[in-house]
Structures are given as C-alpha cells and as structure tokens.
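Here is my input; please provide its structure:
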Amino acid sequence: MQAYQIVSGAHVAGLERVERPAPVAGPYEVLVRTHAVSLNYRDLMFARGQYGPVAAHPMIPVADGAGEVIAVGAGVTRFKLGDRVINTYFPDWIDGRPTPTKTRDSFGAQIDGVLAEQFIAHEDALVAIPAHLDYAEAAVLSCAGITAWNAMFVEAALKPGDSVLLLGTGGVSIIALQLAKAAGLRAIVTSSSDDKLERVRALGADAVINYRDTPEWQNEVLRLTDGIGVDAVIEVGGEGTLARSIQSTRMGGTVAVIGGVTGFGGTQVDPLALIVGVKHLSGIFVGSRAMLDALTKFVEVNRIVPVVDRVFGFDQAREAYEYLEAGRHFGKVVVRVMG
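Here you go, the predicted model:
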C-alpha cells in the first residue's frame, strides 16, 4: 500500500511517500480503507521534533482517520464489512480517567498513524461515523472534536446558558464553537482577522474580539460579561495567552489548557489569583473513546457539520502540512486519501 512516513524532527520536508506492506487484521482488529485524514497542530510538532516521547524510526503520521471497513478479525463483533468508521486518538483509553498506560500510545506518534491507504485498529478503538457526514467532515472529530468535548462538557461541565471563550479559529476552536452553540452556550471568539471574525459570527458566535486591535483582550472579555468573566476558556495559545485566559475566567471557572500555538515555555501565573478566584487549570490531553461515542451522538442528533477549510489530494500531503503551518486555515485541514 502507499503511505507517508516521517522521522520526528525531520520537519515537513522529511515527509516522504513510500510503499509499505498492507496490514493484516488480527483476531480483534479491523482493517480500514482510509478515505480522509485530518491534520492537527500536533502533527507539525511531531515533524519538528517537539512532540514526545515518540518512536525514533520512521512512522506513518497523523492521528485522525476516517474510512471504510474492508476486513475484520475472527473475534470482531462491533463492526462489519462496509461500515464507515473513525478511530479514537488513544487506542487504549476506552473509558474512565486517564492513566499513563491508557495514554501511552497514540496513532501517528508512538504507533503508526493513518496517512496511508489502509490502517488497522482494535475494534474497541473505532466509532461509527454519523450518517450525515462525509469522510472529510468525520475525520475532524477524532482529535479536535474529542478535545473540545472533553474541555467543555467533561472538565468544565458546562451547561446551557454558560459562557465559553475560544481563542483563535483553528480546528479545536471552530468545532468547539459549533458544539457550544448546539448546547446553548454563549461563545466569545478571538482572532487577529476581521474576516475570520465575521465567519465565526455566521457560525453563531455571540461576541468577537480582534486581539491585534485589543491586545489587552481579557479586559474586553470582562466587559462583555459584566465584569464576571467566562465560565470556561478553551486555551490553545500557551505561554502567550495563558495569563490573560486566567484573568478572563470567572470565580470558580475553568481554563482548559489544550495547546501552545504561541509556545510551551514558561509563563507567569499568579497562584493567589487562582486561590482567591477558586479557578481551575485543567490539562486536556484529547480524551477517551467513550467521549468520542458521546460526541458522535451529539453531532448526529444536532446535525452538526464540522468546518473543513481545505481538502488536499493524497499526493499533496506535504502541501497540506505547509498550509497548516502557515496558519491560514479556518477550521480543519484534510487530506483525501481515497475518493
């Protein structure tokens, strides 16, 4: 089969298309013909050598795959030939709290990923695709979707009428906006682009902030919430935004720390602000398959269609990485593997 492989630290230029032996399904495994994969910022981190610990040998990258079941092991009961499926991020984190064992392996980092014509997974690591979604749209759910779901509805336990602050217009923030509005939340979105802010308004954002025009955007968040702050922040910025995110959060609220687009270095956090504000800092490491189960049901019932910014062909995988790296996207960047 045709696949892409990369060594961590080789950068995007190190992504190469190769011929790999086709995988064979074991007794409880499912062989999937890949139709689409969705890129995440984590894939850039892996290429740069910033995501670890990872395997030192060439790996098939990318965690999020959507495709069709073409073979099942003798013991498989959850899926049959022809089923449309997506894989969960951590094949061993099915339910319950995270543990080092459950989160030890993820597709495209410690074990081979899905940027290939076929991939294999244990039946417990797969979930059926909502009927109204195509493969490109479904591929958005595996990492960005689970992450947003975990942050808002598991860690922050948001309910209708609550408020959430979303930083930027990348994959996690946009699917979070769609989920938030379907759940009856009030959403505030930041961006440096007025054009992108108009697009998030069209998706239902209740308020927007251009952080280039308003560098002290935490003050604007407080103004928009009558000085109270939001119930939760989906914090994807890292060292450049964390302190402001904490200031933007209400007493007893949650800052769900997801990424570090501005870096993962040191940032000044005032412990007293956390103590007297009874504020929660929660690290969000994607989530479990049970969360993906809940997410797909919610998406299906509410007929949510994840936003795909651009779809690249399989022979354009490197260009897709470069497009994501340039930060021009709104929503998710997808590679179509099979038509």
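
Could you give the number of residues near the residue nearest to residue 319 when sequence neighbours are not counted?
Spatial nearest neighbour of residue 319, excluding adjacent residues (CB to CB, 6 or more residues apart in numbering): residue 312 at 5.9 Å. (Each C-beta comes from the backbone N, C-alpha and C, glycine too.) The number of residues packed near residue 312 is 20, by other CB atoms under 10 Å.

quick one, what contacts residue 312?
319, 320, 323, 333, 334, 335, 336 (CB atoms under 8 Å, 6 or more residues apart in numbering).

if we look at the longest helix belonging to the chain, which residues are touching it?
Looking across the chain with DSSP state H, the single longest helix is helix 289-302. Outside of helix 289-302, the residues within contact range by CB under 8 Å, 6+ apart are 86, 88, 90, 93-96, 124-125, 127-133, 141-142, 145-146, 149-150, 153-154, 179, 182-183, 304, 306.

That helix: which residues count as buried?
289, 290, 291, 292, 294, 295, 296, 298, 299 (16 or more other CB atoms under 10 Å).

of those residues, closest to residue 4?
residue 292 (24.1 Å; CB to CB).

If I look at that closest one, what pLDDT would I see?
You'll see residue 292 listed with a pLDDT of 98.

Contacts only, for the spatially most central residue of the chain.
Central residue of the chain (CA atoms, centre = their mean): residue 144, 1.7 Å from the mean position. By CB under 8 Å, 6+ apart, the residues touching residue 144 are 38, 40, 64, 171, 172, 175, 306, 332.

circling back: C-alpha coordinates for the longest helix of the chain, CSV please?
Taking Å, rounded to 0.1, in the frame of the first residue of the first chain, the C-alpha atoms of helix 289-302 are listed here in CSV:
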residue,chain,number,x,y,z
ARG,A,289,-13.3,6.6,23.1
ALA,A,290,-16.3,7.0,25.4
MET,A,291,-16.1,10.8,24.9
LEU,A,292,-15.9,10.1,21.1
ASP,A,293,-19.1,8.0,21.5
ALA,A,294,-20.9,10.8,23.2
LEU,A,295,-19.6,13.4,20.8
THR,A,296,-20.7,11.5,17.6
LYS,A,297,-24.2,11.0,19.1
PHE,A,298,-24.4,14.7,19.9
VAL,A,299,-23.2,15.6,16.4
GLU,A,300,-25.7,13.3,14.8
VAL,A,301,-28.7,14.4,16.8
ASN,A,302,-27.9,18.1,16.2
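
for the stretch 101-250 of the chain, what spans make up the strands?
Secondary structure of the stretch 101-250 of the chain, counting by DSSP state E, counting those that start in this stretch: strands at 118-122, 126-128, 163-167, 186-191, 207-210, 230-235, 249-257.

Tell me where the stretch 1-150 of the chain has helices.
Under the criterion DSSP state H, counting those that start in this stretch, helices of the stretch 1-150 of the chain are mapped to 41-48, 135-138, 146-149.

Could you dump the strands of the stretch 101-250 of the chain into JSON lines with distance to residue 271 added?
Shown next, in JSON lines, are the strands of the stretch 101-250 of the chain (distance: least, CB to CB, whole Å):
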{"stretch": "strand 118-122", "distance to residue 271": "42"}
{"stretch": "strand 126-128", "distance to residue 271": "40"}
{"stretch": "strand 163-167", "distance to residue 271": "21"}
{"stretch": "strand 186-191", "distance to residue 271": "25"}
{"stretch": "strand 207-210", "distance to residue 271": "27"}
{"stretch": "strand 230-235", "distance to residue 271": "17"}
{"stretch": "strand 249-257", "distance to residue 271": "14"}
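
okay, those in a markdown table with distance to residue 284 and mean pLDDT next?
Formatted as a markdown table, these follow (distance: least, CB to CB, whole Å; pLDDT from 0 to 100):
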| stretch | distance to residue 284 | mean pLDDT |
| --- | --- | --- |
| strand 118-122 | 23 | 98 |
| strand 126-128 | 19 | 98 |
| strand 163-167 | 13 | 97 |
| strand 186-191 | 17 | 98 |
| strand 207-210 | 22 | 98 |
| strand 230-235 | 9 | 97 |
| strand 249-257 | 5 | 97 |
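
do you know how far the closest residue to residue 194 other than its chain neighbours is from residue 183?
Spatially, and ignoring its direct neighbours in sequence, residue 194 is nearest to residue 210 (6.1 Å; CB to CB, 6+ apart). Residue 210 is 26 Å from residue 183, where distance means CB to CB, to the nearest Å.
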